[in-house]
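1. Whatever this is, show me its structure:
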Amino acid sequence: MVLQLQRKLKKMTKNKIERKIVIPGEIIAKGEDYLPGEGTEKRGDEIITTRYGLAEESNRLMKVIALSGIYQPRRGNVVIGRVENVTFYGWNIDLDSPEYAFLPLQEVPTYVNKDRLNDIFEIGDVIIAKIIGVTNRGIDLTIKSRGLGKIDEGIIIKINSNKVPRIIGKEGSMINLMKNESGCHITVGQNGLIWIQGDKIEDELLVKKAIMFVNEKSFTSGLTKEMKEWFNKEKQK
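-> Alright, predicted model coming up:
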């Protein structure tokens, strides 16, 4: 029994797929043990990549994290945007993407006087919102959930939206590390805009520097461990 378990563990270790940069059409796994995930497809007994990015395996599910490209909005995404226009029915929101986004009056968790929409949000205000619909007309937003609404303090930085998964990390490992090391509140918009709020500007700038570090090294494996070492060095300066 013990011998069988050892052989099984050895086989699992041998078959483990390491993170690596891949290009469309590349074979990243073979055999019926693996399933195709985002950015991949199955051809026969092979898993083939369909986009450029970082291939990884999780519980035998193969996927490719895109490292470039434009933001693809999805229902349920939390995004950060800037008010670019106030209409009679709501606010037009710039998500720094080609898609048109709109926050209607009924998706604001307070009474709104239609003649005084500027009392809620003005042109130039930055908000955190959630996507509740994506149609041919554009993106529909809401701020009715906890943690959504206007941003008054902190700093906003921008990265490529396809690198957001690397900033968050597997099961939130990377973003939680940044929060614990800096003491800052961090909200990562799926559209690539990130809000950082700390007690001191130095803390906010430390997180900004950390995010840029991850952004530049998004193609490497073992990045969370490297990030821990980075924070230790920064704190010793």
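2. A strand includes Val83, no?
-> Yes. Applying DSSP: H, G, I helix; E, B strand; the rest coil, one finds Val83 inside a strand.
3. per-residue confidence for it?
-> pLDDT for Val83: 95.
4. burial of it, as a residue count?
-> 21 (other C-beta atoms under 10 Å). C-beta here means a position set from N, CA and C on the backbone, and glycine is covered the same way.
5. Distance-wise, check it relative to Phe231.
-> Counting by C-beta to C-beta, to the nearest Å, the separation of Val83 from Phe231 is 35 Å.
6. Which stretches in the chain count as helices?
-> 2-15, 164-168, 173-182, 201-216, 223-236 (DSSP state H).
7. Return the most buried member of these.
-> helix 164-168 (a mean of 21; mean count of other C-beta atoms under 10 Å).
8. ok, the closest residue to Lys217 other than its chain neighbours to Ile143 distance?
-> Counting by C-beta to C-beta, 6 or more residues apart in numbering, the nearest residue to Lys217 once its immediate chain neighbours are dropped is Leu223, at 6.1 Å. Distance of Leu223 to Ile143, given as C-beta to C-beta: 32 Å.
9. For the protein, which residue occupies the most central location?
-> Central residue of the chain (C-alpha atoms, centre = their mean): Val164, 3.1 Å from the mean position.
10. Could you tell me which residues make contact with that residue?
-> Val164 is in contact with Val188, Gly189, Gln190, Gly192, counting by C-beta atoms under 8 Å, 6 or more residues apart in numbering.
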